[in-house]
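1. Provide a 3D model corresponding to the input given below.
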Amino acid sequence: MQKKTFTVADYLLTRLKQLNVTEVFQIPGDYVKHFTQALEYFDGIETIGCVNELDAAYAADAYGRTRGLAAVSLQYGVSTFSALNAIAGAYVERSPMVVISAAPGSDARQITNMYNVLYHHSTGNLDADRAVFEHVTVAAETLSTSVGAPEKIDNLLIAAITHKRPVYIACYKEVWGDPCPRPSSKVLQPLSIKSEPLALENAVEQAWTQITAAKNPMIFAGVEVLRYGLSGLLQQLIDASGFLYTTTTLGKTVLDEKGDKFIGTYSDAASIPNVIELVTQADCFLTLGTIITDDYLVFIESKYGDMVLATSDETRVGYFTYEGVTMKDFMEALLQRFKKTKGYPLATVAPPPPPYPEPWVSNSDPKFNAEPQLITYNRFFQHSMKFLADNQMLDEIVMTFGVSSSLYVATNAYGLSQNSFLGSAAWQCIGFETGAASGAQLGSGKRAWTVAGDGGFMMVCQSLSTLARNKLNAVIFVISNQVYAIEQVYVDLTSFQPGPEHKFDAFDILPKWDYMALAQAFGARGYRVETVKELKSVLNKLKRITNQPTLVEVVIPQKDLPLQMYRLGIEP
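-> Got it, this is the predicted structure:
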């Protein structure tokens, strides 16, 4: 029997497998056929066929967040450009993935030069894909030959796992199938970047001066701590200092939330009031791995000088910045200071979390409190979180959110496990949550527990088919009020007041869908709930579903406006 030729595609797949990538999300195409054929027969990596590019790329993003690296295979041009939005989100929110494609080959380029032929899926610039993806990746390559391919592939993968962001690799059409040497058995490692010693010493000295002068210090943790594998170091800092800590929305579940130092997630005005109070009272923030977005303008404008900040981009103490200081080295040096200093750890304990607040409704509309009790945003989370806690399921799920009212209400949840809250909180993409479900479940090995707005779900509803095709028992809750509520909040907050004179803008009104028929068409179970009693009944049924996704239409009053969104809407 003739030995199968080891190819450039096999080389990349072998390296991915060594890095614990055991699934690749795929959209087929003729240019990339040599890679997809190699993938189909490659031992140890499963092909996850997806229904469209956003589905595939959102899934890969979530897989990268939970597994540490992901891969998505796309067709040239029409496919890569369709996925661009999702790749940009992964770039912004620090999710490492490999975007794999192919381009017209050497023969096509010769014909183009000779006869001015426009090849299919091409803009006319055969290098446009790579040029575009350079803006949303940390490295991008198009290989015109197999010569030097191993080194270039290795460098791309090292860049992805070092910087925790996407990379792009394409080959001329024929190159994925060209012969290639096998890689070594040594697993690729991220680059080890060390701090400039004097800069580190100066930064730590200044930081220690500011920390020890504070009367009410606090740790403000972000997603980069999780991405860079520094959660254990963060926990040591909390233990050694005794400081209370909070997280950004994007950084929620950077640690297991069951500790007594966690005050709750800080999401500006959407936060629980006592979290806002504690953050307001704090006079020094050891801010680690945070991505500060315009969701935090109030915080940054009032607390900028109180921040001791270390991220992958910068190290700053108050108004002093320090070049060449890494977050890891900075955290380790501060930890040693805390361990050697009398007076630490502080004996502070976070106050117990309050229950989910009842929704704010102008004029106290009586229908919200009538029996049977209608579901609202806050009642949904109140009862679903209680169900998960009562059934010891908080360690068994991974939650996914796009940007919606639900994302901000969900930040008030307590008790989640480490890395179990995935949200598009910085890129803020409507629809991420449903596409992310398959990648979150496959990457983490936990059940995806997705809460989508109906507008977001409509954008990528076909992802339900991907879940069914792969027999994943993810749950997709669609909060159904037939309006882009989060958009309407910022357009006209008075629209949520009772009475026909207060109307939503036409552009924020959604069509009415038959979700139960859609669930059946895509191969999922379907339930519709409108009251708290119905919700509790369906939650209990979900425990028994093991090999099929479930779509739950959660009907809420169109004018339900949770307190969290009201406070955000009235911010200046």
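2. drop to CA atoms for contacts and neighbour counts, all remaining ones
-> Will do.
3. can you pull out the helices in the stretch 51-200 of the chain?
-> With DSSP state H, counting those that start in this stretch, the ranges of helices along the stretch 51-200 of the chain come out as 53-67, 78-92, 106-115, 128-133, 149-163, 197-213.
4. for the record, mean pLDDT for the shortest one?
-> In this model, helix 128-133 has a mean pLDDT of 96.
5. And that helix, what's buried?
-> For helix 128-133, the neighbour count (16 or more other Cα atoms under 10 Å) marks A128, D129, R130, F133 as buried.
6. repeat for the second one
-> Applying a neighbour-count criterion of 16+ other Cα under 10 Å, the buried positions in helix 78-92 are 78-92.
7. Stretch 318-326 now?
-> Applying 16+ other Cα under 10 Å to stretch 318-326 flags G318, Y322, G324, V325, T326 as buried.
8. just curious, which of these is nearest to P150?
-> T326 (29.3 Å; Cα to Cα).
9. rewinding a little: turn the helices of the stretch 51-200 of the chain into TSV, including distance to T14.
-> Output for the helices of the stretch 51-200 of the chain, formatted as TSV (distance: least, Cα to Cα, whole Å):
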stretch	distance to T14
helix 53-67	17
helix 78-92	23
helix 106-115	26
helix 128-133	23
helix 149-163	11
helix 197-213	38
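10. which one of those is the most hemmed in?
-> Stretch with highest mean neighbour count among the helices of the stretch 51-200 of the chain: helix 53-67 (a mean of 31; mean count of other Cα atoms under 10 Å).
11. Can you name every helix or strand that that helix contacts?
-> With contacts taken as 3 or more Cα pairs under 8 Å, 6 or more residues apart in numbering; DSSP states H and E, helix 53-67 sits against strand 23-26, strand 70-73, helix 78-92, strand 97-103, helix 432-444.
12. can you list the ones you listed in CSV and add mean pLDDT and distance to S417?
-> Putting the helices and strands packed on helix 53-67 into CSV (pLDDT from 0 to 100; distance: least, Cα to Cα, whole Å) gives the following:
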stretch, mean pLDDT, distance to S417
strand 23-26, 98, 24
strand 70-73, 98, 22
helix 78-92, 98, 22
strand 97-103, 96, 23
helix 432-444, 98, 12
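13. Same list (the ones you listed) but as CSV, adding distance to K559.
-> Below are those laid out as CSV (distance: least, Cα to Cα, whole Å):
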stretch, distance to K559
strand 23-26, 38
strand 70-73, 39
helix 78-92, 30
strand 97-103, 39
helix 432-444, 23
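14. so which of these gets nearest G242?
-> Short answer: helix 432-444, nearest of the helices and strands packed on helix 53-67 by Cα to Cα, at 30.5 Å.
15. what helices or strands is the next helix or strand after the closest one leaning on?
-> Using DSSP states H and E, the helix or strand that follows helix 432-444 towards the C-terminus is strand 447-453. Packing contacts for strand 447-453, counted by 3+ Cα pairs under 8 Å, 6+ apart, involve strand 397-401, helix 405-410, helix 432-444, strand 475-480.
16. switch the cut-off to 6 Å
-> Under the contact criterion of 3 or more Cα pairs under 6 Å, 6 or more residues apart in numbering; DSSP states H and E, strand 447-453 touches strand 397-401, helix 432-444, strand 475-480.
17. So which of those is the most surrounded?
-> helix 432-444 (a mean of 30).
18. Need the pLDDT of P359.
-> Confidence score, pLDDT, at P359: 54.
19. same question, D107
-> pLDDT, D107: 84.
20. how near is it to V8?
-> 19 Å (Cα to Cα, to the nearest Å).
21. do G77 as well
-> For G77, the distance to V8 - Cα to Cα - is 21 Å.
22. Looking at the two, which one has more neighbours?
-> V8 (27 against 21; other Cα atoms under 10 Å).
23. Now that that one has come up, it's in contact with C180, right?
-> Yes: counting by Cα atoms under 6 Å, C180 is a contact partner of V8 at 5.2 Å.
24. those helices in the stretch 201-350 of the chain, which residues are they?
-> Using DSSP H, counting those that start in this stretch, helices in the stretch 201-350 of the chain cover 223-227, 231-241, 273-281, 297-303, 327-340.
25. so can I have JSON lines of those showing distance to N113 and mean pLDDT?
-> Output for those, formatted as JSON lines (distance: least, Cα to Cα, whole Å; pLDDT from 0 to 100):
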{"stretch": "helix 223-227", "distance to N113": "45", "mean pLDDT": "98"}
{"stretch": "helix 231-241", "distance to N113": "53", "mean pLDDT": "98"}
{"stretch": "helix 273-281", "distance to N113": "63", "mean pLDDT": "95"}
{"stretch": "helix 297-303", "distance to N113": "52", "mean pLDDT": "95"}
{"stretch": "helix 327-340", "distance to N113": "49", "mean pLDDT": "98"}
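26. Among the ones you listed, which comes closest to N412?
-> helix 273-281 (9.5 Å).
27. Tell me how far G64 lies from T311.
-> Counting by Cα to Cα, the gap from G64 to T311 is 20 Å.
28. Taking strand 97-103 as reference, get the angle to the lowest-mean-pLDDT helix or strand in the chain.
-> Least confident helix or strand of the chain, by mean pLDDT, DSSP states H and E, is helix 106-115 with a mean of 83. Calculated by axes from the mean of the first three to the mean of the last three Cα atoms, to 10 degrees, helix 106-115 forms an angle of 50 degrees with strand 97-103.
29. related to what we said a few turns ago, wait, which of the helices of the stretch 201-350 of the chain is closest to S537?
-> Closest among the helices of the stretch 201-350 of the chain, using Cα to Cα: helix 273-281, at 31.3 Å.
30. list the helices and strands the closest one packs on?
-> Using 3+ Cα pairs under 6 Å, 6+ apart, helix 273-281 sits against no helix or strand.
31. Show residues contacting it.
-> Residues from elsewhere that reach helix 273-281 (Cα atoms under 6 Å, 6 or more residues apart in numbering): none.
32. rerun at 10 Å
-> Contacts to helix 273-281, defined as Cα atoms under 10 Å, 6 or more residues apart in numbering, come from residues 215-220, 244-246, 262-271, 285, 299, 302-303, 350-354, 412, 564.
33. if we can go back for a sec, spit out the residues that contact V8 and C180 alike.
-> Joint contacts of V8 and C180 (Cα under 10 Å, 6+ apart) are S146, V147, A149, P150.
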